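Peer 1: Build me a structure from this.
(3 chains)
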Amino acid sequence: MAEHITCQEVVELVTDYLERELAPEEASLFEQHLNFCDGCIVYVEQIRATAATVGRVREEDVPPETRDKLMTAFREWKRS
Amino acid sequence: MIAYKFLRSDGSSVFSSFAWPLPADGPGAWVEAPVDPCRSGIHACRVGDLPYWAGRVLYEVELDGEIVAQTDKLTAARGRLVRRIRAWDEQRDAYTRMCADRAHELIAAAPPEFAHWDTVVEPSIPEGPALLGFVAARIAEEIEGTPAAYRAERERQTKWLAERLGLLS
Amino acid sequence: MTAAAPACRIPVMDGTRYEIASVQSPPASASADEAELLARLREGDERAFEALVDRHYGTMLAVARGYVKSRAVAEEVVQEAWLGVLNGLDRFEGRSSLRTWIIRIVANIAQTRGAREARSVPLSSLAPEGDEAAVDPDRFRGRDDAFPGHWRHYPSDWQALPEQSLLGRETLELVMGAVKDLPPAQQQVITLRDISGFSAEEVCDALDISGGNQRVLLHRARSRVRSALEEHLDG
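Peer 2: Next up, the predicted model:
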């Protein structure tokens, strides 16, 4: 088992860390690294901010003609 | 049992941002957390863990309930901050300086091909004790060529801290 | 941080170890909400159907786009999927969430349609191909440098930027574009996770992919979008 990990390794592990999928030993090394590395703290925060910004994207609205088609189909389904 | 905990200057945990009840006239309130080593629980350092988690402010913490020992920390079900270790406030910069001086010392005694490892040492000082502790240990490991050298340098750091801060070992 | 019940005198930390960097999921469809819509739908409530369509159409379209070439075909696939939902209502047992079931339906139809179009097998049904570095390796010190693998220069702190930079319209449009530019499988996963708020388990269930596969796709997607954001914010 490694004694420490590099910043390059941190940026590859960040998703697993946020998903809580790192093994305990790996999670320890990850957090030890963040404890001394301001650059990686900033990077992890960038990933968090990226996900949050993606979260502001709105899903597309239903186009009016599609809505009409779907409601018609629903009424037909209901009758059958 | 007695252990140690580094917190941010505002008394919050580094990774969970949890605001710890601080000691006033006596220990702070007990905090509870289910123990699940990778996910939850009160984290604390044994003396040997301190160099790995060096932070802004150091507290003595009392742990209770289920306590799980991991390679680099303890995880407990209950904990409370007993007292702030003022000696750390006083010694933090000296510790950082000690690690930097160790790094220089190791490189000066090593073959010239390691000379370029010296350049990051002084510029790293503003980032503080955690970084310099890593720098010194990493340099020791690089020169010696073994992970044992990394651990040995960390043990040196632990000894220094135990002595200067008057901690139980 | 999620708080203990107010009656509890002792503050409780629950699974907050990753709080410093935890990702806030967008508000997910409450399952009680889903149960109500499902019940009304089974009774033939037209408003319930419309509400369900409004809620899931965009997500279904995004998922369909991962398998078929054109937007027009994707729209057809989504409409077909809604019929599939109605016809399958009796069979839905509630073992997965309703939305997972709906996405599985559209994914299956889209996949079949995509295969018929002689498109190459969609990436989400394969292990993610090859290597893709989250960050350009040049950003890190090299093998012959001191401290190989560490940042040459730290990335910049976005929290130090004016609030509008991250929260503004321009940034949002850039991010939308970056998501649209992603390889299909990555786009599907980041849409389901970070836009539509599906859990990791729901995504694996809906797209029929492994947990590991899902994480790799999410990782690559977020890394690419971060990169695009960085260029925009730093440039």
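Peer 1: What residues does chain B have near chain C?
Peer 2: B:14-18, B:21, B:29-34, B:36, B:38-43, B:116-117, B:119-120, B:138 (Cβ under 8 Å from any Cβ of the partner chain). C-beta coordinates here come from the backbone N, C-alpha and C atoms, glycine included.
Peer 1: which of those come close to chain A?
Peer 2: Filtered for proximity to chain A (Cβ under 8 Å from any Cβ), these shrink to B:14-15, B:38-39, B:138.
Peer 1: Of those residues, which is the nearest to chain A?
Peer 2: Checking those against chain A by Cβ to the nearest Cβ gives B:C38 as the nearest, at 4.6 Å.
Peer 1: got a pLDDT number for the closest one?
Peer 2: B:C38 is assigned 67 on the pLDDT scale.
Peer 1: again, but for C:E117
Peer 2: Model confidence at C:E117, given as pLDDT, is 77.
Peer 1: List buried residues within the residues of chain B next to chain C.
Peer 2: B:14-16, B:18, B:30-33, B:38-43, B:117, B:120, B:138 (16 or more other Cβ atoms under 10 Å in any protein chain shown).
Peer 1: Spell out which residues of chain A are next to chain B.
Peer 2: Within chain A, the positions near chain B by Cβ under 8 Å from any Cβ are A:2-4, A:20, A:22-25, A:27-28, A:31-32, A:34-38.
Peer 1: buried subset of the residues you listed?
Peer 2: A:3-4, A:22, A:27-28, A:31-32, A:34-38.
Peer 1: can you confirm A:V44 is in a helix?
Peer 2: Yes - per DSSP: H, G, I helix; E, B strand; the rest coil, A:V44 lies within a helix segment.
Peer 1: So it sits against A:V14, correct?
Peer 2: Yes - judged on Cβ atoms under 8 Å, A:V44 makes contact with A:V14 at a distance of 5.7 Å.
Peer 1: Compare neighbour counts for the two and give me the winner.
Peer 2: A:V14 (25 against 22; other Cβ atoms under 10 Å in any protein chain shown).
Peer 1: Determine the three-state secondary structure at that one.
Peer 2: At A:V14 the chain is in helix, as set by three-state DSSP.
Peer 1: So it versus chain B, what's the distance?
Peer 2: Remark: distance between A:V14 and chain B (Cβ to the nearest Cβ, to the nearest Å) = 14 Å.
Peer 1: hey, where'd the strands end up in chain B?
Peer 2: Listed in chain order, the strands of chain B (DSSP state E) span residues B:2-7, B:31-32, B:42-44, B:57-69, B:74-84.
Peer 1: Of all those strands, which one comes closest to C:F140?
Peer 2: strand B:2-7 (27.4 Å; Cβ to Cβ).
Peer 1: now the closest one: mean pLDDT?
Peer 2: 98.
Peer 1: Show me what counts as buried in that strand.
Peer 2: Applying 16+ other Cβ under 10 Å to strand B:2-7 flags B:3-7 as buried.
Peer 1: who touches it?
Peer 2: If you take Cβ atoms under 8 Å, 6 or more residues apart in numbering or on different chains as the criterion, strand B:2-7 is touched by B:13-14, B:20, B:43-47, B:49-50, B:53-63, B:74, B:76, B:79, B:81-82, B:85, B:167-168.
Peer 1: would you say C:V63 is within a strand?
Peer 2: No - with three-state DSSP as the criterion, C:V63 is helix rather than part of a strand.
Peer 1: Check whether it really touches C:I195, as I assumed.
Peer 2: No - using Cβ under 8 Å as the test, C:V63 is too far from C:I195 to be in contact (11.2 Å).
Peer 1: ok, these two, which is more surrounded?
Peer 2: C:V63 (31 against 21).
Peer 1: ok, that one to C:Q79 distance?
Peer 2: 14 Å (Cβ to Cβ, to the nearest Å).
Peer 1: In chain C, where is pLDDT below threshold?
Peer 2: Filtered on pLDDT under 70, chain C yields the residue ranges C:1-30, C:118-129.
Peer 1: Would you map the helices across it?
Peer 2: C:31-42, C:46-65, C:71-88, C:98-116, C:163-167, C:169-180, C:184-190, C:200-207, C:211-234 (DSSP state H).
Peer 1: is the shortest one anywhere near chain A?
Peer 2: This means helix C:163-167. Yes - if you take Cβ under 8 Å from any Cβ as the test, helix C:163-167 does meet chain A, through C:L166.
Peer 1: Just the CA trace of that helix, in PDB.
Peer 2: Provided in PDB are the C-alpha atoms of helix C:163-167 (Å, rounded to 0.1, in the frame of the first residue of the first chain):
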ATOM      1  CA  GLU C 163     -20.600  35.500  -7.800                       C
ATOM      2  CA  GLN C 164     -22.000  36.200 -11.200                       C
ATOM      3  CA  SER C 165     -19.100  34.300 -12.800                       C
ATOM      4  CA  LEU C 166     -20.400  30.900 -11.700                       C
ATOM      5  CA  LEU C 167     -24.100  31.800 -11.300                       C
END
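Peer 1: Tell me how many other residues surround A:M71.
Peer 2: 14.
Peer 1: In three-state terms, how would it be classified?
Peer 2: Per three-state DSSP, A:M71 ends up helix.
Peer 1: Show the contacting residues for it.
Peer 2: Applying Cβ under 8 Å, 6+ apart to A:M71 gives the contacts C:46, C:49-50.
Peer 1: and if we set it to 6 Å?
Peer 2: Applying Cβ atoms under 6 Å, 6 or more residues apart in numbering or on different chains to A:M71 gives no contacts.
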